[in-house]
Every structure is written in C-alpha cells, then in structure tokens.
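Colleague: this one's sequence-less:
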C-alpha cells in the first residue's frame, strides 16, 4: 500500500514538470481588454501562416498587465491602451526600446440607454450611477477621469462612479442596467453593446487621443517568433483587420 | 506612511459602518433562527439548518451573484417587489450591508445556538410555573443566558464583515465613498503598478482593526469564563 | 383542594393511565422510579398533555381533550419544586425569590416576601449569586420562590433526592413548616417512606404507569413494613413544657418523657415498634420513664413478628412482639395493656411549627 501511494505521488510530481514546461514556440501576449477580439483574430491569422506557433493571450486592464509584467509574468509582447503604462515599463527597462510602435487609435464614448436628452458631458450629472474603469489601472478610466475634470463636473459626479476592473466590465455594467451609463471605447460599444448605445463621443478638448502602443519586451526580443509577429502587426493585412474592428490606424 | 486620499479614509469608515449595520440588523433574525433551531421541532428544520449554514460553504462570489439575480432589475424580488416600491438596492451601500449580513449570518446563528443549547430546559419550565409566558421567558431567561453567544456572534460577524469582498463587489460594486470598503480599495490598488505602498498601508489598517477585534473577542471570552 | 385527573398517554412502550379524584391538602404520590410519577406531575403542571382525558383543579378545567381546553402552565397557578433547585443563574437570590411574586396578580398575593424569607431563614443570602450557595440553601431558595408565587397547589417532585443525607431532615423541616404556616395545598412526590409519612396524609400509589389507589400514610407504612425492616411509629408531641434531665412533652392527654441529648428539642419523633414493650399487668416499679396505659385495637402479621396496635387515650401506637410472645400473652383486641418506652428510645427528627 505504501508503495502504491509513493508511486502515485511520483507520477503526480512528474506531471508538474510536464505542465509547467512551456513550448519554445509559444508567444505570450499581454493586451488591453478592449483589444480582445482584434488580437485574437490577428494571432489566429498568424498561426495559419505559421502553424508551429501558438499564442497565449492575456487580456486585462493595461495597468494591471504592466504590474504583472513588472512582477515577472511572462510576456513577449505588450499592447497598452495608453502611453503611460508603456512608458512605465520602458522606464523599468523591461521593454526592447528599439521595438515600440503605435498600433491603433480609438475614441472615448459615453454609452447608455437611448435618450435624446444626453448629448454632452454636462448632461450626465443627472444620472445616479456611472461606470468607469478604475483610473488606478484602466486607461479608459484614466481618460474618463481627465475628461470629467476638464468638463468641470468632477464635484457633481462624486459618489456616482462605479469602478470597473477593465473597460469590458464597464460596458457590462451599462448593458445590464446596473448603471445609467459608462465610459467605454467606440469599438467596445459598436462591437458588443446590446442594450445600450453611444450617446455621445467625448470631445477632443476633454480627452486626448486614445493611443494603443505595442512593444516587444526584453524577453520577447530574444524570441524569433515574437519578433516576427511584432513585424506582422505592422503589415497591411494586419492593418486591414484592425480597421475592420473599428479602430483607427492614423 | 503614505498619504491616504479622501476616498481611502472613506473606505475605512465605510468598512466599519457597513459591518456594524450588517451586524445589528442580523441580530433579531439571527436570534430568532437560533431560538427556533434550539427549542422548536418542526418540519423542514433540517432544510432551514442547511440554508442558514450555506453561506459558510459557498464562495462569496456565488452568494453575490445569487443576490444580484434576486435583487437586480430582472430578479424576482427586484421586479415584483422592489421596483414597484421604487427601492433600488443594487450598487448602493444597502446592498453592501445585505451582502455582508448574508455572508456573516451563519457565524452569528452558530454562536448563539451553541450558547442556547447549553441552557437547561428546566429553567424555562420553572419560569412558566412561576407565571411567565413564553414571551416573558424569552426576555427574562433565554436572552440573558444567551448573551455570551449573542455578543460573541456579533463580534465574529463584525470581524467577518470587515473582510467581505466577493459578494460585495458583485452586488454593491466598487463605488468610492459609497460602497468601497477597505478590501475593495486594496483590490484597486493591487491592480495598479503605482498602488503598492497604499495597498500596503490599507492592509496594515485592516490588520490592525482585525487584531483589535480579535483581542477584544478573546478578552471577552476569558471574562465570561471567569464569571462562571 | 380538589383535583380530578382522568388521563391516558402512550409514550413508546410505556402506557400511562390514571383516573382519580383527591380532596385534601397534603397529598403524596408514592412509587418506584419509572412508575409514571413525573409523567403525572407534568400533566398537572401543563408541560405535557395526555393523549386524551381531563384534568381539573378546584372545579376549574385545566385540560380537556374532548373540548380542546389546555391551559398554559403560566396560567394554572401551580407552583413546582424540582429535585434540583433550578435557580436562575443570572439572577440574585432575591430576584429569584421575587420572580414568581412579581408575576402574581396583586389579588392573589397573600404570601409576602418577608414572611417567606423569615420562615426559610434565607435573609442572609439575599444579595448573593446562586452559584455560591450550598445544595441545601439552594433548595430552600427554590421552595421559597415557588411559595412566593402564591400558587393554589404546590407540586414537589422528589425535592429531597439530591440533598445530602445529613441535610434531608433539615430541608424537610423547612418544607413542612412552610407549607403548614402558609397553608398551601401540595402534592409531594417521593419514593422514600419516611418523607411521605412526614409530608402526606393521603397517598396515591403508582406503579408501572397505573395509579393503583389511595391510602393513608399509616396504611402505606404498614404496607411497606416488610421493605423497611419493621414498623416505625411517627409521633408528634407538643412542647416540651418542662425541661430538666429529660424533655417533658404532651401527647394527647398524657405526658411523654424524651431524653435530653443537649440539642434543641424536636417535636416529631420516630419510635421503632420493637422498642415498645408490653405488659399485661402493672409490674410496680419500672425503669422506663414512659409507662402508658391503653387498649389493643388491632393485631397484624409482620412475617415473623406481630404488630399490635394500641389506643392510648386519643393517640395510637404500634408495638412489635414475637408471635410466640403474642400467643403466650394471649393478646386480643379489646385487651387492656400497658406499654413501656424508654426516654432514650425516641429518635428526634425536627421541630415543627404549629400553624
């Protein structure tokens, strides 16, 4: 009996090694939540051309991803929804400085139940609850917070803001009717919103351009497949796919 | 020690407020359930026992989700009772109180029950021969003799409430100043690359409060033993 | 006090059945353990109900299954004293005592706290918590508490069973005196013969879940003779009205002398029947201090011996003699006879207070 138990433990132990073994031709991608569908398509397409390459895609708020990478999470390529988190990693020396570029652009919008009276930032102060991504880690929330401040409605909005862990959760709160409205990206609203629609776009004066930088990490720069994929992202085929999902490339 | 922002102080106050309120509103129902389970025999007693203890074994997020389904706009309570009355619970501090109360309820009931079961039934019989109605007996005999369990249960529930996260974030959301308790604030900071020092600071506050509550719980327990 | 009980109950394999009517103030319920005594008590108090039947006290129906009456215990005004005092641990002695008194309607409050405290001699315990009391003190407080609720009937379920042997007499003296002083009718349950004889005039005998019948204390004593190793007289004297080297009491219309052993004088005594010596003729000088004249009114078989019941003035006494002695002396009913009892033969129990 003792020997049987010892045997089982031995087998389980071996399994541990197998499960933690990572294939060399895996590309680890960390990307902003709003890029979920476009990255999934891009990586699928790339895999068709290079069948021996597989992807591990990790989607979350850009700030949260930056923290993960900072703490040693494996990432070969990092897509951020703002420049701040990319710079944060660059300053920590975790990025291949030669391989940072801008992938796409987006617009910040406000979604809610169809309502002709909500046309601008000032109109939303009458709502009871508004969802934004947590500005401590979600770029969409950072953009929204800045817009709120610039529009001068910060005080009226206090206590009404529901913090979401990423921009998709934001949209979900609005879609489920748990909040009256949410600040999300145009692409999220157009792709996924079911019960809410875009009530207005946040004007440029309140919100700078939503920029998606992409970079190879130091770890990733040592992987040929990762570098190859990074180059693929800048191809015309990739640009077409990005445009198809509603992002802008210029 | 880094500077706490206004919403950090609010988080600490909210944690205390929500836990206290949840504990207080649970007391009458918790006492009643403990009383029924200890002294009464009825059909469905086992079912009630399972129901009351369920939150102990369920993951808090499950509890939160079930509460959301029940109390939300499309939930059966939400649609047929709350909305017509104009009551909104989801994403308010009341929802946070409800979530905290549900999660901590079994702790209170168990504590009171353990104490109640030690009460000699003969004492209640005696009180009735001396002219006390059942109700009178509850107030003059059962409550005083269960006080130890009631207080211990309240302290335990309060302590558990301070740490409530899973159910709260689902049904009350993370709203600074309104529902953002210490655990929710820490959660936000932990996701942020720049939030480590504040996360740690809030953790220290949380630990400090827990230590104080537990020390009090132990002291209270010893005091009760000495009295015996 | 008039109590009517007609009750049947099935408890698993145990079947309980009672149908009796008692009139009186000092009633006993006698029987071995498991005979159904406590079941009967719980029916009268109202904690359990018979399957069918009826119970009425002083004409008021407490329970009737046919018309659906079942008065709650708190409204029956029946007090209880249990084997274990069951004092409320979270209340002081004083608040324990007053618990029932406070809940007693003002019109029924004939017995006042000071009186009970005085009779029970518990004044010095009032401020104490109940955990600091001895077993005997606890039971005295429990009795006081029950009495202060001014019940119309007091049920006592083996109140002395848990008391130390050495204290039993003391507690029963408090019990008897209190009930005498305050004139409370009671039902006293016990399996001890002496306790029953002290407390009860009439006794319900119960066994195996059935009430077997009603006897007097004397009849019970005679019936239990074989189990208790002979018959013991239980005697109540008045006085003493003179004290020297002996206590001089009055018993009916004669004087009785009891040895003075230095302790406070009792009024209730035990006298084993075999310590009574019979004479057909006056022998002249006698060494015993008590030499009484009487008539034989009864003779009964006690196995190897014979019990001779004597009428001495207004009182009765039983002597025990061997069968041979009885036939040799030709003891017959109606025979004039002399009984000699040493002053030392009486065993003092306690002093009872006259109401």
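Modeller: Thanks, I have the structure now. Computed from a predicted structure; not experimentally measured.

Colleague: Could you spell out the sheet neighbours of the top strand by length along chain C, each with its direction?
Modeller: Criterion DSSP state E: the longest strand present in chain C is strand C:290-301. Each strand paired with strand C:290-301, and its direction, by DSSP bridges: strand C:305-312 (antiparallel), strand C:336-341 (antiparallel).

Colleague: What mean pLDDT does that strand get?
Modeller: Here strand C:290-301 scores 90 as its mean pLDDT.

Colleague: hmm, the top helix by length along chain B in reach of chain A?
Modeller: Among the segments of chain B that qualify as a helix by DSSP state H, the longest is helix B:6-39. No: in terms of CB under 8 Å from any CB of the partner chain, no part of helix B:6-39 sits within range of chain A; the closest distance is 9.3 Å. For the C-beta atoms, the positions are set from N, CA and C on the backbone; glycine is no exception.

Colleague: List the buried residues in that helix.
Modeller: B:7-8, B:10-12, B:14-16, B:18-23, B:26, B:30-31, B:33-35, B:37-38 (16 or more other CB atoms under 10 Å in any protein chain shown).

Colleague: which element follows that helix toward the C-terminus?
Modeller: helix B:45-57 (DSSP states H and E).

Colleague: which other helices and strands contact the following helix or strand past that following helix?
Modeller: The first helix or strand that comes after helix B:45-57 along the chain, using DSSP H and E, is helix B:60-71. Judged by 3 or more CB pairs under 8 Å, 6 or more residues apart in numbering or on different chains; DSSP states H and E, helix B:60-71 is in contact with helix B:76-77, helix B:93-116, helix B:166-171.

Colleague: which residues sit against helix B:60-71?
Modeller: Residues outside helix B:60-71 that contact it (CB atoms under 8 Å, 6 or more residues apart in numbering or on different chains) are B:55, B:75-78, B:82, B:89-90, B:95, B:98-99, B:102-103, B:164-171.

Colleague: and that helix, how far out from the chain's middle?
Modeller: 16 Å (CA atoms, centre = their mean, to the nearest Å).

Colleague: Stretch C:224-241 now?
Modeller: For stretch C:224-241, the distance to the chain centre is 13 Å (CA atoms, centre = their mean).

Colleague: for chain A, which helix is longest?
Modeller: Max-length helix for chain A by DSSP H is helix A:2-20.

Colleague: chain center to that helix: distance?
Modeller: The answer for helix A:2-20 is 38 Å, by CA atoms, centre = their mean.

Colleague: for stretch A:213-233, same thing?
Modeller: Using CA atoms, centre = their mean, the offset of stretch A:213-233 from its chain centre is 18 Å.

Colleague: Please report the separation between the first and final residues of it.
Modeller: 12 Å (CA to CA, to the nearest Å).

Colleague: same thing with stretch C:331-346?
Modeller: End-to-end distance of stretch C:331-346 (CA to CA): 25 Å.

Colleague: Report the distance from it to the chain centre.
Modeller: That offset, for stretch C:331-346, works out to 26 Å (CA atoms, centre = their mean).

Colleague: What lies in contact with that stretch?
Modeller: C:235, C:246, C:256-259, C:269-272, C:275-282, C:286-299, C:306, C:308, C:310, C:312, C:317, C:319, C:321.

Colleague: same thing but at 7 Å, please
Modeller: C:246, C:257-259, C:269, C:271, C:275-280, C:282, C:286, C:288-299, C:308, C:310, C:312, C:317, C:319 (CB atoms under 7 Å, 6 or more residues apart in numbering or on different chains).

Colleague: Could you identify the buried members of those residues?
Modeller: C:246, C:257-258, C:269, C:271, C:275-278, C:288-292, C:294, C:296, C:308, C:310, C:312, C:317, C:319.

Colleague: element containing residue B:197?
Modeller: Secondary structure (DSSP H and E) places residue B:197 in helix B:196-227.

Colleague: and that helix, anywhere near chain A?
Modeller: No: if you take CB under 7 Å from any CB of the partner chain as the test, helix B:196-227 misses chain A, and the best it gets is 8.5 Å.

Colleague: hmm, that helix touching chain C?
Modeller: No: judged by CB under 7 Å from any CB, helix B:196-227 stays clear of chain C, getting no closer than 9.3 Å.

Colleague: I'd like the mean pLDDT over that helix, please.
Modeller: The average pLDDT within helix B:196-227 is 88.

Colleague: packing partners for it?
Modeller: helix B:6-39, helix B:143-162, helix B:182-190 (3 or more CB pairs under 7 Å, 6 or more residues apart in numbering or on different chains; DSSP states H and E).

Colleague: could you check the angle helix B:182-190 makes with it?
Modeller: 160 degrees (axes from the mean of the first three to the mean of the last three CA atoms, to 10 degrees).

Colleague: which of the residues in helix B:196-227 are buried?
Modeller: B:198-199, B:201-202, B:205-206, B:209, B:213, B:217.

Colleague: One more: stretch A:95-113?
Modeller: Across stretch A:95-113, burial judged by 16+ other CB under 10 Å covers A:95-96, A:99-100, A:103-104, A:106-112.

Colleague: middle-most residue in chain A, spatially?
Modeller: In chain A, the residue lying closest to the centroid (CA atoms, centre = their mean) is residue A:32, at 1.2 Å.

Colleague: For that one, list each beta-bridge partner.
Modeller: Taking DSSP bridges as the rule, residue A:32 bridges to residue A:60.

Colleague: Nearest residue to residue A:216 in space, ignoring adjacent ones along the chain?
Modeller: residue A:99 (3.9 Å; CB to CB, 6 or more residues apart in numbering or on different chains).

Colleague: Just the pLDDT at residue C:351, thanks.
Modeller: pLDDT, residue C:351: 86.

Colleague: That one reaches residue C:266, doesn't it?
Modeller: Yes: using CB atoms under 7 Å, residue C:351 is in contact with residue C:266, at 5.1 Å.

Colleague: With neighbour numbers in mind, choose between those two.
Modeller: Neighbours were counted for residue C:351 and for residue C:266 using other CB atoms under 10 Å in any protein chain shown; residue C:266 has more, 21 against 12.

Colleague: Name the helix or strand for the closest residue in space to that one that isn't next to it in sequence, please.
Modeller: With sequence-adjacent residues excluded and distances taken as CB to CB, 6+ apart, residue C:266 is closest to residue C:348, at 3.6 Å. In this assignment (DSSP H and E), residue C:348 forms part of strand C:347-350.

Colleague: mind listing what's buried in that strand?
Modeller: C:348-350.

Colleague: and the nearest residue to residue A:145 once chain neighbours are set aside, what does it touch?
Modeller: Distance criterion CB to CB, 6+ apart; nearest residue to residue A:145, sequence neighbours excluded, is residue A:135 at 4.5 Å. Going by CB under 7 Å, 6+ apart, residue A:135 touches A:141-142, A:145.

Colleague: Next one: residue A:135, what pLDDT does it get?
Modeller: 94.

Colleague: got it, and residue C:227?
Modeller: The model's pLDDT for residue C:227 equals 69.

Colleague: related to what we said a few turns ago, how close does the residue nearest to residue A:216 get to residue A:69?
Modeller: Applying CB to CB, to the nearest Å, the value for residue A:99 to residue A:69 is 15 Å.
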